[in-house]
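# Just need the structure, nothing else, for what follows:
(chains A and B)
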Amino acid sequence: EPEVTQTPSHQVTQMGQEVILRCVPISNHLYFYWYRQILGQKVEFLVSFYNNEISEKSEIFDDQFSVERPDGSNFTLKIRSTKLEDSAMYFCASRSRTGGYSPLHFGNGTRLTVT
Amino acid sequence: GQNIDQPTEMTATEGAIVQINCTYQTSGFNGLFWYQQHAGEAPTFLSYNVLDGLEEKGRFSSFLSRSKGYSYLLLKELQMKDSASYLCAVLMNRDDKIIFGKGTRLHILP
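Now for the predicted structure:
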């Protein structure tokens, strides 16, 4: 069964450094997402992306964050200057189409630790 | 603001039935998902409801009442492997935004 893949599985970085989290969504999917989950807390929506542009973003997704689909397969999340509070599990997800019976398919996540 | 409420924790016995409730107040609604999340893992899809009523899928069923802003997930014949968090999520608009509740941690006792 096709799956969403994320790399790396764990990233440790120092405060103020830039990080890029990488995702390969399922190949025929059209909608792409980033979520984060701070340890012990809920899965929080960051951003959705469709047709090569951001379609929705949350208050968390400020100017420090950006997303890109540099080619036909990768989808990346960049955090420009990491803060301690950015430490979390970051999940990439994709959906095949709009509305209807089209659930999110999640990758296994990247655990980001900012020291 | 958007609000999705679920109980924080529940405990049930192996072989029994448990119902996990979810209430929501969101500015848009185009369907409700239930996901299962084992500790340290990604959420996995369980069910989707957009019309009122019950959807059954093996040991799992999910119910929706749009007028009441209410859903529940029913798990039958509980097994130890069902110990996990169960997340209620609302598709807020037709295209994109899906937001999650805080999840219900279900403990199964032998």
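# So B:Gly28 lies in a helix, does it not?
No - under DSSP: H, G, I helix; E, B strand; the rest coil, B:Gly28 falls outside any helix and is assigned coil.
# and the gap between it and A:Thr113?
From B:Gly28 across to A:Thr113, the span is 35 Å (Cβ to Cβ, to the nearest Å). Heads up, the C-betas are built off the backbone N, CA and C, glycines and all.
# quick one: secondary structure of the residue nearest to B:Ile99 when sequence neighbours are not counted?
The shortest distance from B:Ile99 to any non-neighbouring residue, by Cβ to Cβ, 6 or more residues apart in numbering or on different chains, is to A:Phe45 (5.3 Å). Assigned by three-state DSSP, the conformation of A:Phe45 is strand.
# Tell me the confidence at A:Phe45?
A:Phe45 carries a pLDDT value of 96.
# for A:His105, same thing?
At A:His105, pLDDT is 95.
# hang on, it packs against B:Phe33?
No - A:His105 sits out of contact with B:Phe33 when judged by Cβ atoms under 8 Å, with a separation of 11.6 Å.
# can you give me the strands in chain A?
A:5-7, A:10-13, A:19-24, A:31-37, A:44-50, A:53-57, A:65-68, A:75-79, A:88-95, A:105-106, A:110-114 (DSSP state E).
# go on, chain B?
Ranges of strands in chain B, per DSSP E, are B:3-5, B:9-13, B:18-25, B:32-37, B:44-49, B:53-57, B:60-65, B:70-75, B:84-91, B:98-100, B:104-109.
# where are the low-confidence patches of chain B?
Within chain B, the ranges that satisfy pLDDT under 70 run B:94-95.
# Which residues of it lie near chain A?
Within chain B, the positions near chain A by Cβ under 8 Å from any Cβ of the partner chain are B:30-31, B:33, B:35, B:37, B:41-45, B:48, B:50, B:87, B:89, B:91, B:93-103.
# Ends of stretch B:53-67, what's the gap?
Start-to-end span of stretch B:53-67 (Cα to Cα, to the nearest Å) is 11 Å.
# ok, now stretch B:87-98?
12 Å.
# any idea how far the most centrally placed residue in chain A is from A:Leu77?
The residue lying closest to the centre of chain A (Cα atoms, centre = their mean) is A:Trp34, at 2.9 Å. Look at A:Trp34 and A:Leu77: by Cβ to Cβ, they are 5 Å apart.
# can you check B:Pro110 too?
According to Cβ to Cβ, B:Pro110 and A:Leu77 sit 41 Å apart.
# Just want to know which of the two has more residues nearby.
Neighbour count, other Cβ atoms under 10 Å in any protein chain shown: between B:Pro110 and A:Leu77, A:Leu77 has more, with 24 against 6.
# Apart from its neighbours in sequence, what residue is nearest B:Ile17?
Take B:Ile17 and drop its neighbours on the chain: the residue closest to it by Cβ to Cβ, 6+ apart is B:Lys76, 5.0 Å away.
# who's in contact with that neighbour?
By Cβ atoms under 8 Å, 6 or more residues apart in numbering or on different chains, the contact set of B:Lys76 is B:Ile17, B:Arg59, B:Phe60, B:Ser61.
# So what's the residue count around the first one?
This points to B:Ile17. B:Ile17 has 13 nearby residues by other Cβ under 10 Å.
# try the last one
Using other Cβ under 10 Å, B:Ser61 has 18 other residues around it.
# Quick check, A:Ser66 in contact with A:Lys78.
Yes - applying Cβ under 8 Å, one finds A:Ser66 in contact with A:Lys78, separated by 4.8 Å.
# Contact partners for the residue nearest to B:Ile99?
For A:Phe45, the contact set (Cβ under 8 Å, 6+ apart) comprises A:Tyr33, A:Tyr35, A:Glu56, A:Ser58, B:Lys97, B:Ile98, B:Ile99, B:Phe100.
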